[in-house]
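K.L.:
coords please:
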Amino acid sequence: MIDTFEARVTATYGRHLLVRDASGKELEARPFGRGLTVVCGDSVRCRADPHHDEIHVVEIIKRTTALYRSNLRGVTEPVVANLSRLLVVLAPVPVPDLFVVDRYLAAAESVGIAGLLVVNKSELGIDAELAAQLEAYGAAGYRWFPCSVRTGAGIDAVLEVCAGQVAALVGQSGVGKSSLVERLIPESGVEVGDLVREEEGRHTTTASRMFDLPRGGHLIDSPGVRDFAPAVDRLDGRSLGFVEVERLAPQCRFNDCRHMREPGCAVRDATESGGMSPRRYESYRRLRRLFEELTAARGPERRR
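P.N.:
Sure thing, here's the model as predicted:
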């Protein structure tokens, strides 16, 4: 029987991996077999292949949590694993796509990961429109933290909320996530192996990296996106991960209310009376339509 050892995945570049063993050594590895989808943050079992001088990941240890997305066929794909915090980064520039922000928060809510917002580039100023949207997030129960990579303002507060946690940074391209990582963890630019040099240029869209936080815990930097679709089979079909909808739904006239056009809908009533942000409700409606499209795309054999 071939001996195996446990390790943690600290970087993914396509099908190429870095894993950290119990001694803290980082090793290049690859998944053994096409059916194994390994992501940054995974705890795995590995074995050495002396004939090819390779380390193979042969098993994924059961994940405590994971951030999942749906592809265009509605199939669920893991993004990062074993998180306790999801930090959704936005900035005054580029113009925030708050619908993408909402989808990340919904995905986190659906799997029990605490979501919060980090507003980078705060030295540029937060205009009245963005301030109103941040106030709506606060009213829903989400914390948000202004910070500036350029001036250092707010960096300590972000470090504090991540201390002792496994956190991931997600968000649009251009919001400064990589610069934020460098501010939070000055050592993040240190060499982590030949794999990074060889693969970074070819796999920038699929590269994720895990770094050790100075106050304990870990931070995963994931690629920037233009869009994001939560995994439909992980979403609660009644609320779709919107915390306001989850609170209001029990007051609806019908138990199977979709909160779209049904009479006696407490969610629509709250939107009209100011109890829920109209923009957040519109975001819910868009996700509802996407949820139904992707559920149909999955086909009956894939539905729960």
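K.L.:
any idea of the mean pLDDT for the longest helix belonging to the chain?
P.N.:
Ordering each helix of the chain by length in residues (DSSP state H) puts helix 278-298 first. Averaged across helix 278-298, pLDDT comes to 96.
K.L.:
mind listing residues that contact that helix?
P.N.:
Helix 278-298 is contacted from outside by 70, 72-75, 98-99, 102-103, 106, 133, 136, 140, 229-230, 232-233, 235, 237, 240, 242, 244-245, 258-260, 267-268, 271, 303, using C-beta atoms under 8 Å, 6 or more residues apart in numbering. C-beta here means a position set from N, CA and C on the backbone, and glycine is covered the same way.
K.L.:
of those residues, keep whichever come out buried.
P.N.:
Neighbour counting over the contacts of helix 278-298 (16 or more other C-beta atoms under 10 Å) leaves 70, 74-75, 98-99, 102-103, 106, 133, 136, 140, 229-230, 232-233, 235, 240, 242, 244-245, 258-259, 267-268, 271 as the buried ones.
K.L.:
what stretches of this structure score poorly on pLDDT?
P.N.:
Judged by pLDDT under 70, the chain has its weakly predicted residues at 1-2, 189-206, 300-304.
K.L.:
buried ones in the longest helix of the chain, by neighbour count?
P.N.:
Here helix 278-298 shows 280-281, 283-285, 287-288, 290-291, 294-295, 298 as buried, counting by 16+ other C-beta under 10 Å.
K.L.:
stretch 100-120 too?
P.N.:
Quick answer for stretch 100-120 (16+ other C-beta under 10 Å): 100-111, 113-120.
K.L.:
got it, and stretch 253-262?
P.N.:
257-259.
K.L.:
which member of these is positioned nearest residue 88?
P.N.:
Residue 88 lies nearest to residue 259 out of the buried residues of stretch 253-262, by C-beta to C-beta, at 23.0 Å.
K.L.:
quick one: the closest one from residue 253, how far?
P.N.:
Look at residue 259 and residue 253: by C-beta to C-beta, to the nearest Å, they are 11 Å apart.
K.L.:
what touches both of those two?
P.N.:
Shared contacts of residue 259 and residue 253, counting by C-beta under 8 Å, 6+ apart, come down to residue 265.
K.L.:
quick one, helices of the stretch 51-200 of the chain?
P.N.:
98-110, 128-140, 155-162, 177-184, 194-199 (DSSP state H, counting those that start in this stretch).
K.L.:
of all those helices, which lies closest to residue 58?
P.N.:
helix 194-199 (19.1 Å).
K.L.:
surely residue 139 and residue 277 touch.
P.N.:
Yes: using C-beta atoms under 8 Å, residue 139 makes contact with residue 277 at a distance of 7.4 Å.
K.L.:
which one's more surrounded, the two?
P.N.:
residue 277 (21 against 13; other C-beta atoms under 10 Å).
K.L.:
skipping adjacent residues, who's closest to that one in space?
P.N.:
Using C-beta to C-beta, 6 or more residues apart in numbering and skipping residues adjacent in sequence, the residue nearest residue 277 is residue 136, 3.8 Å away.
K.L.:
number of nearby residues for residue 148?
P.N.:
Count around residue 148 with other C-beta under 10 Å applied: 19.
K.L.:
ok, so of the buried residues of stretch 253-262, who is nearest residue 45?
P.N.:
residue 258 (42.8 Å).
K.L.:
from residue 264, how far out is that closest one?
P.N.:
Taking C-beta to C-beta, one finds residue 258 at 12 Å from residue 264.
K.L.:
mind checking the SS state of residue 272?
P.N.:
helix (DSSP: H, G, I helix; E, B strand; the rest coil).
K.L.:
if I look at residue 6, how far off is residue 27?
P.N.:
Counting by C-beta to C-beta, the gap from residue 6 to residue 27 is 12 Å.
K.L.:
between the two, which is the more surrounded one?
P.N.:
Neighbour totals were compared for residue 6 and residue 27, and residue 27 leads with 18 against 13 (other C-beta under 10 Å).
K.L.:
pull up the pairing partners for the one helix or strand the more buried one maps to, direction included.
P.N.:
Using DSSP states H and E, residue 27 sits in strand 26-31. Using DSSP bridges, strand 26-31 pairs in its sheet with strand 16-21 (antiparallel), strand 54-60 (parallel).
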